[in-house]
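In: Would you be able to build a 3D model of this:
(2 chains)
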Amino acid sequence: MGLLRRFKIFWMNHWLAVVLIGSSVLLVLATIYGISKLESFYRTMTLATLPLQLLMTGFSAIIFVFLYSTVLQGRMGRLGKKSRISLSDVKVTFKDVIGLENAKKEALEVVQLLKDRAKLKAIGGNIIKGLLMVGPPGTGKTLLAKAIATEAGVPFLSISGSEFVEVFVGVGASRVRQLFKQARQLAYAHGSCIVFIDELDVIGRGRHFNSFGGGEETNSTQNQLLVEMDGLGEKTQNVVVVGATNADEGVLDKALLRPGRFDRKIYIDLPNLNERVDLFRYYLKKIKHDALMDIGRLGRRCVGKSPADIMNVTKEAALIATRNKRDRVTYTDITEAIERIDLGIAHPLSMSQIERENTAYHEAGHLVVLYTLHPTDDVFKASIIHRGGALGVVYHSPREEQHTSNRERILADIKVSLGGYMGEKVKFGVTTNGVSSDFAHAMKLAHTMVWRLGMGRNGFVGDYSVIPESQISDSIKDKLNNETYEILNGCAKDVEELLRADWPIVDRFAQELLKRNELEFDDIHAIFAEYGKAREQVPIQTVTPSDPPLTSGA
Amino acid sequence: MTFPADRLPETVRALCLKEQKVDVQARLVGHTLYMSCAVDGLIGVDLDFDKKALETLEGVMMSGTRASLSTDAKVDFLSVRVADARLGSSITLLRYVPDIKGILYMRYSRDEFESRLVIETDGAPDPDVSQEEQKDITLPDFMARLVASRLHRQLTGNPLVSVFLRVSQVRGRADGGEVVLVCVRAEDEPLSESSLDVLDAAVAEVALDVFKKYDPNGLLIHGLLKKGPPGNRPR
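Out: Numbers count the residues shown, from 1 in each chain, chains lettered A, B, ... in the order given. Coordinates of the predicted model:
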């Protein structure tokens, strides 16, 4: 780097300190000259009072600086001190990002553009301005952004969208300006700079303008962001903005998504089976665990879990193992951790026998319907121990990722929800208020089938929920509602028939729950097998490690 | 030192020439620094002190103050005299130098400082006062002249008081441990007893105040003698 450039960078970063120190030195020299020119009596008097004056001035300066930094500027306008993260702090490469192969391929392209920016400029091209990562929480968006910065070897500025929001108007826009000014300085020094904005939807939502011509405070923040990314001014520095959001793209402002701003989008999904297994292997490597543990089974157990969830599960399992005085984590610890996270901590309540029986038959009803009828889900646990506000629970999850639900599956969900009600009704003839949440779930599903998904038998096709109810005729509403009731009643009848037909199994499960409180997957399968109703076990796939991790050299 | 003792009069004169553009005569007599100069028009047509003349006086006083503070000569008293040959009169300001240090060190207030200034007037228009008249002022001399100056200001400050008591001038001097005050009256008519009592009380109060400040232990002054013109009762 040339001497002039180095001087310019130094001046950009430290001009205020240089000016202050220079002024202070000049003032001291002027003071010495002035005192030397005084007559002897006044010189003696000035020197005698100098220490006291310096002390009083020092106190005044300290008070002023304190007030200025805390009230006027320090807490409001300034960015957090840790917004600048150096590469040595990050230390995340593509190897550390498990899964996300498609996302990593796109990210690698960005990295290579940053590394070969000189060649690109020679051709006359421009590196991208913005990269948007969209995905559910905990899927590795921030980690991927760090990996991009590390692999590209450029400075990395990280900030959350919520840091731009303050009570006072204009502070957000000011922070955006500060952030980009800092980024441009770093880009000038190092050739390029990455700005990572997490939770972009906080400031990136569609702008709203009220009838008086004004707007929300976030409008000004977003406007400033738009200008900084691709505004009127000549922006010669290579600042790449990487944004991450959980919100749907439709929520973000269209001006933010247009070419020239966030023109590249990476969709980061929840991990599939292979990726989940890789994640478990990665996180289990960091703790002592049973080497014979079936990690494939763990992967199947955690359908729909994000990498952050899996990390949380392994940490929780380590705590459980420690609490149980074991020196390594076992499969039992992990399953207990999954249940603790998903279902909550068990709080045994002292219930009367009749209440316990009600709960047992309720959960047995759910369990039998689920095991028998559901096309996609497996039952992993049935319990009548109080957890998270529920007296009992039947814990189930899909065998593999499901991205759509067909009629059969939704009907199965409705029947499972009604299984508890029917279990109580068949056994006792009366039911309890414990069915309210099941009914709400079943009603919602049935309503959605008819009103939104066109799955009724009456031939109504379309989403009637988007039309205001006042514009739908009463006869159509009646027909749609009748169809909903028919579905519910039909499902209830099917469930009743099923339970009455398989009542010995229901009764058996209820008695086992009353005796043991909880039943695991193997127990459940064994009981069904006793009655010859065991489902064919889906063979556990031999899981091979995922493709070799992507590196920047690939 | 900014003003060396062996060249004090010359440096003071040079200072006044440079800063006030006034030519002054300066002499160091013992521990007293005498400065004098001539002005034209001490009194203006509005029968008040001319502003320019006052500025000259203040400037010369300031220069003298600076010199007396920043010299290695031991200067205790500073006397500045300004004479107006046209009017045939002069005004003399006399300061005790430690009082100047006192106000700079904020030992007392500005009002107190003003009250420690001796202001005298006489009919000598010539700024070049003879060397025999310029003698080393002592602290008793200063105290006597300060008492006289303050009495004079009190007596002439309110025109009715001067009419009733008929005192035109008060002079003071020290004489062998005694302060002698001489009241010059406008008329020879004797004052009434009550008037004399008032005058006595005023003299005693002022004198006591001055002696308390400069001679609190009574080492220098042990008596006060009041004298009037012939025909008045001596006290």
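In: Around chain A, pick out the residues from chain B.
Out: Applying CB under 8 Å from any CB of the partner chain, we find that chain B lies next to chain A at B:1-3, B:66, B:69-70, B:104. For glycine as for every other residue, the C-beta is placed from the backbone atoms N, C-alpha and C.
In: what about residue A:62, which SS state?
Out: Put simply, residue A:62 is helix when judged by DSSP: H, G, I helix; E, B strand; the rest coil.
In: so what's it up against?
Out: Neighbour list for residue A:62: empty [criterion: CB atoms under 8 Å, 6 or more residues apart in numbering or on different chains].
In: so how far is residue A:27 from it?
Out: Distance of residue A:62 to residue A:27, given as CB to CB, to the nearest Å: 18 Å.
In: quick one: the strands in chain B?
Out: B:25-29, B:32-38, B:77-84, B:89-96, B:118-122, B:167-175, B:178-185, B:223-227 (DSSP state E).
In: how does chain B divide into domains?
Out: Following automatic domain parsing, one gets these domains for chain B: B:5-122, B:139-227.
In: need the least confident one among those domains, by mean pLDDT.
Out: The minimum mean pLDDT among the domains of chain B belongs to domain B:139-227 (a mean of 76).
In: So which bits of chain A are right by chain B?
Out: So chain A meets chain B at A:39-42, A:45 (CB under 8 Å from any CB).
In: what about chain A, any weak spots by pLDDT?
Out: Applying pLDDT under 70 to chain A flags residues A:1, A:72-90, A:118, A:166-169, A:207-218, A:231-237, A:537-554.
In: still on that earlier bit, now the domains of chain B as CSV including mean neighbour count?
Out: Shown next, in CSV, are the domains of chain B (neighbours: other CB atoms under 10 Å in any protein chain shown):
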stretch, mean neighbour count
domain B:5-122, 17
domain B:139-227, 16
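In: Can you lay out those as TSV showing distance to residue A:363?
Out: Listed next are these as TSV, based on distance: least, CB to CB, whole Å:
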stretch	distance to residue A:363
domain B:5-122	91
domain B:139-227	105
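In: Relative to residue B:138, how far out is the residue most central in space within chain B?
Out: Note on chain B: the residue nearest the mean C-alpha position is residue B:118, at 2.7 Å, using CA atoms, centre = their mean. With distances taken as CB to CB, residue B:118 is found 13 Å from residue B:138.
In: With residue A:449 instead?
Out: For residue A:449, the distance to residue B:138 (CB to CB) stands at 121 Å.
In: more neighbours, these two?
Out: residue A:449 (20 against 16; other CB atoms under 10 Å in any protein chain shown).
In: Going by residue numbers, what spans are strands in the stretch 401-550 of chain A?
Out: For the stretch 401-550 of chain A, the strands defined by DSSP state E, counting those that start in this stretch occupy A:518-520.
In: oh sorry, the question was meant for the stretch 1-150 of chain A
Out: Along the stretch 1-150 of chain A, the segments classed as strands by DSSP E, counting those that start in this stretch run A:84-85, A:130-134.
In: picking up where we left off before, quick one: which of the strands of chain B is nearest residue A:467?
Out: Counting by CB to CB, residue A:467 lies closest to strand B:89-96 out of those; the figure is 102.6 Å.
In: Could you list the paired strands of the closest one along with their orientation?
Out: strand B:77-84 (antiparallel), strand B:118-122 (antiparallel) (DSSP bridges).
In: For those, please prepare a markdown table with the additional fields distance to residue A:328.
Out: A markdown table is the format used below for the strands paired with strand B:89-96 (distance: least, CB to CB, whole Å):
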| stretch | distance to residue A:328 |
| --- | --- |
| strand B:77-84 | 98 |
| strand B:118-122 | 103 |
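In: list the buried ones in stretch A:300-315?
Out: Of all the residues in stretch A:300-315, those buried under the rule 16 or more other CB atoms under 10 Å in any protein chain shown are A:300-303, A:305-314.
In: now, which of those residues sits nearest residue A:482?
Out: Nearest to residue A:482 among the buried residues of stretch A:300-315: residue A:303, at 35.9 Å, using CB to CB.
In: residues contacting the closest one?
Out: A:273, A:276, A:397-401.
In: what's near enough to touch residue A:423?
Out: By CB under 8 Å, 6+ apart, residue A:423 lies in contact with A:361-366, A:368, A:499, A:506, A:510.
In: mind checking the longest helix of chain B?
Out: Of all the segments assigned as helix in chain B under DSSP state H, the longest by residue count is helix B:193-214.
In: which other helices and strands contact that helix?
Out: helix B:139-157, helix B:159-165, strand B:178-185, strand B:223-227 (3 or more CB pairs under 8 Å, 6 or more residues apart in numbering or on different chains; DSSP states H and E).
In: Can you convert these into TSV and add a column each for distance to residue A:529?
Out: Putting the helices and strands packed on helix B:193-214 into TSV (distance: least, CB to CB, whole Å) gives the following:
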stretch	distance to residue A:529
helix B:139-157	125
helix B:159-165	131
strand B:178-185	133
strand B:223-227	133
